[in-house]
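>>> Sequence and predicted structure below; questions after.
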Amino acid sequence: MKDKLVAVLSHAAIVLAGATLLLSILDYYNPMLGFMDSPYSRVVLYAALAVAAVLGVAAVVKDRKAP
């Protein structure tokens, strides 16, 4: 169960990182639309940070359990 959760979160991290990268590129080429200032981009960014934090904690817990 834990391994499946880590696998799902890993895929979610990749998708959210890609979305953040896309929004930052769009914001660079068209700053007047404010892609990085929209509520949607903040949700994507906060979700990416939360997933990364959970994956980091899961990696630390897994390393501590290893003999």
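Received it, and whenever you're ready, just let me know what you need.

>>> which residues touch Ile14?
Contacts here follow C-beta atoms under 8 Å, 6 or more residues apart in numbering; on that basis Ile14 touches nothing. Where you see a C-beta, it was placed from the backbone N, CA and C, and this is true even at glycine.

>>> Kindly indicate whether it is helix, strand or coil.
Here Ile14 is helix, with the state taken from DSSP: H, G, I helix; E, B strand; the rest coil.

>>> Which pLDDT value goes with it?
Among the per-residue scores, Ile14 shows a pLDDT of 89.

>>> which regions of this protein sit below the pLDDT cut-off?
Judged against pLDDT under 70, the low-scoring parts of the chain cover residues 66.

>>> Show me where it has its strands.
Chain-ordered strands for the chain, with DSSP state E as the definition, do not occur.

>>> Quick check, central residue of it?
Most central residue of the chain, judged by C-alpha distance to the mean C-alpha position with C-alpha atoms, centre = their mean, is Ala48 at 2.2 Å.
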